[in-house]
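Peer 1: here's a sequence, model it:
(chains A and B)
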2 protein chains.
Amino acid sequence: MKKLLSIFTFLLIALVSFAQNDDSIFIRRIADEILMNGKAYDDLHFLTKQIGGRLAGSPQMPKAEQWGLKTLQSLNPDKAWLQQCMVPHWVRGGKDEANASFSGKKKVLDVIALGNSKGSGKSGVTGNVIEVKSFDELEAKKDQLKNKIVFYNYPFNQKFIRTFEAYGDAVRYRGAGASRAAKYGAKGVIIRSMSESTDNYPHTGSLRYDSTYPLIPAVAIGLRDADWLSNQLKSGNVSVNMKTYGYFLPDTIGHNVIAELTGSEFPNEYITIGGHLDSWDPGEGAHDDGTGIVQTIEVLRVLKTLGYKPKHSIRFVLFANEENGSKGGQKYAEEGTAKGEKHIFALETDAGGFTPRGFGFTGPEQQFKKIQSWQPLLAPYGASEIERGGGGTDIGPLSRAQNTPLGEYLPDSQRYFDIHHTRNDVFENVNKRELELGAVNIAALIYLIDKYGLE
Amino acid sequence: MKKLLSIFTFLLIALVSFAQNDDSIFIRRIADEILMNGKAYDDLHFLTKQIGGRLAGSPQMPKAEQWGLKTLQSLNPDKAWLQQCMVPHWVRGGKDEANASFSGKKKVLDVIALGNSKGSGKSGVTGNVIEVKSFDELEAKKDQLKNKIVFYNYPFNQKFIRTFEAYGDAVRYRGAGASRAAKYGAKGVIIRSMSESTDNYPHTGSLRYDSTYPLIPAVAIGLRDADWLSNQLKSGNVSVNMKTYGYFLPDTIGHNVIAELTGSEFPNEYITIGGHLDSWDPGEGAHDDGTGIVQTIEVLRVLKTLGYKPKHSIRFVLFANEENGSKGGQKYAEEGTAKGEKHIFALETDAGGFTPRGFGFTGPEQQFKKIQSWQPLLAPYGASEIERGGGGTDIGPLSRAQNTPLGEYLPDSQRYFDIHHTRNDVFENVNKRELELGAVNIAALIYLIDKYGLE
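Peer 2: Numbering: from 1, shown residues only, chains lettered A, B, ... in the order given. So this is what the prediction gives:
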């Protein structure tokens, strides 16, 4: 019996080693195919240079949807379709401006209106600037805010090693700053950009008004101008005239763009991988999230090219309207859940097309351990850090609707907030190999989850 | 006794945890200081923009040495000095050119002469181009090479995940290609640049002539022009006229720039950390190796700022002449060994100022295990990959002279060969935080090695 057991153990070890070896060979084929014949970089070139920035409701939105559908269809998935959803339609409406007056002099500030903000119109709003470094300071100065322009100068905390943590820490001023200042009679707000970059590009992004208070205009300011303004205020009054033109049109029709490889064993169990097709308007939406889009497409391409037949149904989703409404992700979860689809895993790639570092996972401990056990298969391609936490705006609704475990692709974060939501988020700032290595690691993880399941 | 033992074990664990905690606190202080008050980026700005490219023997070389000495001295090390060494003095001599003629048409090729190569002079050399993809193909075509210009079109192998492996694989054509072609009567060589970039910058770097054969001119060509040339050759003859102007002047005096913190317990045991001060001439020597230089200086700065008193003597070395002679590294090992200095560890940072990935180590297994045990202290700052192998041109002589264990800082390699030895190796391509995080990890490792030793 003991002998039989040890033979059995031997066979088991041999089998596991064989499987690991098999996986490592298949993942090597994924890497070779993507690094030698990859299409992600060319796809990104088209999306950024021929279509460009593509906010929900913009003329570029339907162009991007049609391009996405055509590109997915050209790879011969089992299905490909547009999934309709209503999306908000915010329009910037003009060129945002801010002019500072101080000691008889003038200075043009590099600003951009926050997404979803209401414009001041042509005459603009003018007021003396009052600087606050935090909401605590705002509350302390609440009696001085009437008719002022509040300048939130909360710095990105550089001590966080991962820049997304600094973003998470600072972004509340962009989100809630306008209404919190309006509550005390402020006429407008200027927000220090959520960035640690060395340049002066202002970074846009959504705000959320509290409709209890007046909807005052709100702009982000570049870091050099923010530092200048802060210094200038030390030596005297600065008055600013801000002009912004944002407004909402009625909600309009947008689409998630979806392709599917139908599973051979578990066709009604779904693995989703996706990024978002929309982007802010000042740049080309290259890293945010053109790279996630073309990586999603590239994963489909490589699985098809290598003749991989998945056990589960794999969905490749180019989500609509992540930036200022999240209607695409909501629609996808809603419709899938209504149809009784069982979503066993969803992965989002929306943290830039930079060099791979790893994956985050939100779900049961046992499943996390399983993913961690694949670390030696991914590490040679850069995704060596498998860690707890992570998900994303577009796949969050799946987790809430049916407790789907979530994954997040984690590229290196150091350069992301140099370009995020600025006119500098352009194709030229994406490195071909970094982009491709992201697709390699994502394809490898999707392959492993499909092959072995997560249970 | 058992109880005593278990108390002892408990105390030991408590002590180790306390030490680890202590270390983690000190490393956090290193990181905070560098990320909040770092000088590396400003230092790099001065070195690249005020001094620029600084090949051995160039007018920039002594300027860089004086700047390095002054900058190190300003940090109040225990000692700082220049260590003299003779360095080769190669001069580019003019603007390298290559003009292709084909089917009655002309095209200017983007080329740069290889370092140490002998110029053709004003009239240039002209010949029909013959393409070879490898030395094997060169040998097979040896009877056709007379009076030809040999075009080595060996591609950078993109399947290597770490780009330095592709470089190691391809660089033999730059090093030996000219003489191997001259052996069969070729008049000049054109080498496909060692890169996988998407642009057309040609990459220079050293060749080594075999003086048995004529010293023929040699240039590197940008990748787009290389692909064009290869395609053009499929449809007919291409003749190229190359003009280069390189020559050697007599060896001249250069210097390693050295600062020292003298050890409190083991003053005659040395830990060295360094990069190289020289650079190729077409760019500003930003990533190669300005970043290694300013990281070396930053490690001294942070240890001084935090009041760290090392047990061992720590040397901060800005090496001379790494690029085309390695005389600085040789001199440092030679003089140290002659003086009976015991070098217990040396670390080189010469792989670019990109986001940290880890460290390589060449030395005894037991020492490697010790460094590996510190991985949890470094990983939070990005250097999570502690692996076997690595060293560098400047510290290699120490290993050969006295078997010094070597370390190598390993930043992410994906972008390095986009800019290496090109006119694109400029300050603007360095990211401030990536540069600083490199300094954080290097300082942390040096601190741990100094505190615990490697035995």
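
Peer 1: going forward, measure contacts between C-alpha atoms and count neighbours the same way
Peer 2: Fine.

Peer 1: got the residues of chain A near chain B?
Peer 2: Contact residues, chain A versus chain B (Cα under 8 Å from any Cα of the partner chain): A:31-32, A:35-36, A:158-159, A:161, A:198, A:355, A:380-381, A:412, A:414-415, A:431-434.

Peer 1: could you list the buried residues of stretch A:57-70?
Peer 2: By neighbour count on 16 or more other Cα atoms under 10 Å in any protein chain shown, the buried set for stretch A:57-70 is A:Gly57, A:Ser58, A:Gln60, A:Met61, A:Pro62, A:Lys63, A:Ala64, A:Glu65, A:Trp67, A:Gly68, A:Leu69.

Peer 1: average model confidence for the longest strand belonging to chain A?
Peer 2: Ranked by residue count under DSSP state E, the longest strand found in chain A is strand A:247-261. Confidence over strand A:247-261 (mean pLDDT, whole number) is 98.

Peer 1: can you list the strands that it pairs with?
Peer 2: Strand pairing for strand A:247-261, determined by DSSP bridges: strand A:79-91 (antiparallel), strand A:312-319 (antiparallel).

Peer 1: so which bits of it are buried?
Peer 2: A:Tyr247, A:Gly254, A:His255, A:Asn256, A:Val257, A:Ile258, A:Ala259, A:Glu260, A:Leu261.

Peer 1: A:Asn116 is in contact with the first one, correct?
Peer 2: Yes: counting by Cα atoms under 8 Å, A:Tyr247 sits close enough to A:Asn116 to count as a contact (7.4 Å).

Peer 1: mutual contacts of those two, please.
Peer 2: A:Trp90 (Cα atoms under 8 Å, 6 or more residues apart in numbering or on different chains).

Peer 1: and the helices in the stretch 351-455 of chain A?
Peer 2: A:365-373, A:375-378, A:396-402, A:416-419, A:432-452 (DSSP state H, counting those that start in this stretch).

Peer 1: now those helices in TSV, with mean neighbour count, mean pLDDT and distance to A:Glu97?
Peer 2: Output for those, formatted as TSV (neighbours: other Cα atoms under 10 Å in any protein chain shown; pLDDT from 0 to 100; distance: least, Cα to Cα, whole Å):
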stretch	mean neighbour count	mean pLDDT	distance to A:Glu97
helix A:365-373	15	98	49
helix A:375-378	19	98	47
helix A:396-402	18	98	36
helix A:416-419	22	98	20
helix A:432-452	24	98	35
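
Peer 1: looking at the ones you listed, which is nearest to A:Ala181?
Peer 2: Closest approach to A:Ala181 among the helices of the stretch 351-455 of chain A is made by helix A:416-419 (25.5 Å; Cα to Cα).

Peer 1: so which helix or strand takes in the residue of the stretch 151-300 of chain A at minimum distance from chain B?
Peer 2: Closest contact between the stretch 151-300 of chain A and chain B, by Cα to the nearest Cα, is at A:Lys159 (5.8 Å). Using DSSP states H and E, A:Lys159 is not contained in any helix or strand.

Peer 1: count the residues that sit near it.
Peer 2: With neighbours defined by other Cα atoms under 10 Å in any protein chain shown, the count for A:Lys159 comes to 16.

Peer 1: likewise for the one 10 residues further on?
Peer 2: Using other Cα under 10 Å, A:Asp169 has 16 other residues around it.

Peer 1: how about it, secondary structure?
Peer 2: Secondary structure, DSSP: H, G, I helix; E, B strand; the rest coil: A:Asp169 is helix.

Peer 1: OK, contacts around it?
Peer 2: Counted by Cα under 8 Å, 6+ apart, A:Asp169 has contacts A:Phe156, A:Asn157.

Peer 1: tell me the confidence at it?
Peer 2: In this prediction A:Asp169 is given a pLDDT of 97.

Peer 1: quick one, domains of chain A?
Peer 2: Per the record, chain A has its domains at A:29-88+A:250-452, A:95-247, by automatic domain parsing.

Peer 1: quick one: which of those domains is nearest B:Lys311?
Peer 2: That would be domain A:95-247 among the domains of chain A, by Cα to Cα, at 28.4 Å.

Peer 1: first-to-last residue distance for the closest one?
Peer 2: 13 Å (Cα to Cα, to the nearest Å).

Peer 1: repeat that for stretch A:261-281.
Peer 2: Length of stretch A:261-281, first residue to last, Cα to Cα: 32 Å.

Peer 1: centre of the chain versus it, how much separation?
Peer 2: Taking Cα atoms, centre = their mean, to the nearest Å, one finds stretch A:261-281 lying 16 Å from the centre of the chain it belongs to.

Peer 1: coming back round to it: so which of the domains of chain A gets nearest B:Leu47?
Peer 2: Judging the domains of chain A by Cα to Cα, what sits closest to B:Leu47 is domain A:95-247, at 17.7 Å.

Peer 1: distance from the closest one to the middle of the chain?
Peer 2: The answer for domain A:95-247 is 23 Å, by Cα atoms, centre = their mean.

Peer 1: equivalent analysis for stretch A:45-65, please.
Peer 2: 16 Å.

Peer 1: same check on stretch A:354-374?
Peer 2: Averaging C-alpha positions (Cα atoms, centre = their mean) puts stretch A:354-374 19 Å from its chain's average.

Peer 1: with stretch A:331-338 instead?
Peer 2: Averaging C-alpha positions (Cα atoms, centre = their mean) puts stretch A:331-338 21 Å from its chain's average.

Peer 1: hmm, back to that, of all the helices of the stretch 351-455 of chain A, which lies closest to A:Asn99?
Peer 2: Nearest of the helices of the stretch 351-455 of chain A (Cα to Cα): helix A:416-419, 23.8 Å.
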